[in-house]
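Trainee: here is a sequence with its predicted model. Questions after.
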Amino acid sequence: MDVIASASGFRAAADARRARDDTVGFVPTMGALHAGHASLIRRARDDCAAVAVSVFVNPEQFGPNEDFAAYPRDEHRDIAACEEMGVDLVFVPPEEEIYPTGIALIEPEPGAEGEVLEGASRPGHFRGVLKAVHRLFDLAGPCNAYFGEKDAQQLFLVRRMVSERGLPVNVVGCPTVRESDGLAVSSRNAFLSTEEREQAGCLFLGLSEAAALARKGERDTSVLVAAIAREVGATPLAKIDYAAVVDDRTFEQPRMIEGFARALVAVRFPGARLIDNLALPTGG
Ligand code: AMP
């Protein structure tokens, strides 16, 4: 396994793999690797001859009052985990390799769909995400890129950036990995106290309640959103940030759902802000 810190080294290593006719599977992460990341890496391993993982905690996607400084980092453990999973290239760039001084990088526009939900709660977040992902795609070159449905709005915006710009990247969405109580695995779960962790199942419970109503034929998104809010509202340490139902193909928030729909929720606990989402069964 090659551990690479420089942008030019990562580009050259990915090029070398393609020159051998290997398909490159690329998994961008912020490190603190967990079972969710592992599922993406396994999928890349199954699909592709060569697997590249990047570990970069992107400062530009954190707001000034967010947890950039506290975000969990353990590069040695991440590198060992990649080795164990049969990764070929690990890209661990220092910040100046992603954002070289004096060079104006492309900054794709997240658009209106980047201003709502996560974008409304975290102004500038998706601008930072797309800037880093575009830079990483530029370095990785033609590849399959694996992203989690856990971050559904991010996945939507990355797919759109790729299609609008005709980037040579096949974006593959992968299902959310969950703990036994349904809590989506996340690096930020480590910030929860024991009591908060016990209550953190409320996100999945609320989403499941909305899914159960949709399965029974409920189409009114205000009813589905109210079901999520009720579940979170009944959880003492949880404070709802938003709950919403979107059309999965447009990320618009319709009054009545038709076709593919997704329920999303963001919740603040004292120790961490958590997000989750679930596709709704709509027979579409
Ligand atoms: P992060 O390191 O949090 O930026 O996540 C890197 C990638 O892993 C993103 O594409 C996430 O959507 C994905 N991911 C994070 N948590 C999970 C999970 N529980 N299940 C599946 N994918 C995940």
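Mentor: In hand now; what should we look at?
Trainee: show me what counts as buried in stretch 265-277.
Mentor: Neighbour-count burial for stretch 265-277 flags Val265, Ala266, Val267, Phe269, Gly271, Ala272, Arg273, Leu274, Ile275, Asp276, Asn277 (criterion: 16 or more other CB atoms under 10 Å). Where C-beta positions appear, they are placed from N, C-alpha and C, glycine not excepted.
Trainee: spell out which parts of the stretch 101-250 of the chain neighbour the ligand.
Mentor: Phe147, Gly148, Lys150, Asp151, Cys174, Thr176, Val177, Ala184, Val185, Ser186, Ser187 (CB under 6 Å from any ligand atom).
Trainee: can you lay out those as TSV showing pLDDT and neighbour count?
Mentor: Compiled in TSV, these are given as follows (pLDDT from 0 to 100; neighbours: other CB atoms under 10 Å):
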residue	pLDDT	neighbour count
Phe147	99	21
Gly148	98	22
Lys150	98	20
Asp151	98	21
Cys174	98	19
Thr176	98	20
Val177	98	18
Ala184	98	23
Val185	98	17
Ser186	97	23
Ser187	94	20
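Trainee: what two of the residues you listed are the furthest from one another?
Mentor: Farthest pair in those (CB to CB) is Cys174 and Ser187. Separation: 16.4 Å.
Trainee: now do stretch 123-130: distance to the chain's middle.
Mentor: Here stretch 123-130 is found 12 Å from its chain centre; the criterion is CA atoms, centre = their mean, to the nearest Å.
Trainee: same question, stretch 18-38
Mentor: From the chain centre to the centre of stretch 18-38 is a distance of 14 Å (CA atoms, centre = their mean).
Trainee: any weak-confidence spans in the protein?
Mentor: Residue ranges of the chain with pLDDT under 70: 283-284.
Trainee: which residues of it fall in strands?
Mentor: With DSSP state E, the ranges of strands along the chain come out as 2-4, 24-29, 50-55, 89-91, 143-148, 169-174, 239-247, 261-268, 273-280.
Trainee: tell me which residues of the longest one are tucked away?
Mentor: By neighbour count with 16+ other CB under 10 Å, strand 239-247 contains the buried residues Ile240, Asp241, Tyr242, Ala243, Ala244, Val245, Val246, Asp247.
Trainee: what does that strand rub up against?
Mentor: 116-117, 120-121, 206, 210, 221, 224-225, 228-229, 232-233, 252-254, 257-269, 273, 280 (CB atoms under 8 Å, 6 or more residues apart in numbering).
Trainee: what subset of those is buried?
Mentor: By 16+ other CB under 10 Å, the contacts of strand 239-247 give 116-117, 206, 210, 221, 224-225, 228-229, 232, 253, 257, 261-267, 269, 273, 280 as buried.
Trainee: name the surrounding residues that touch stretch 124-139.
Mentor: 7, 10-11, 14, 26, 28, 54, 56, 58-63, 91, 98-99, 105-110, 114, 118-119, 143, 145, 153-154, 157-158, 161-162, 165, 167, 169.
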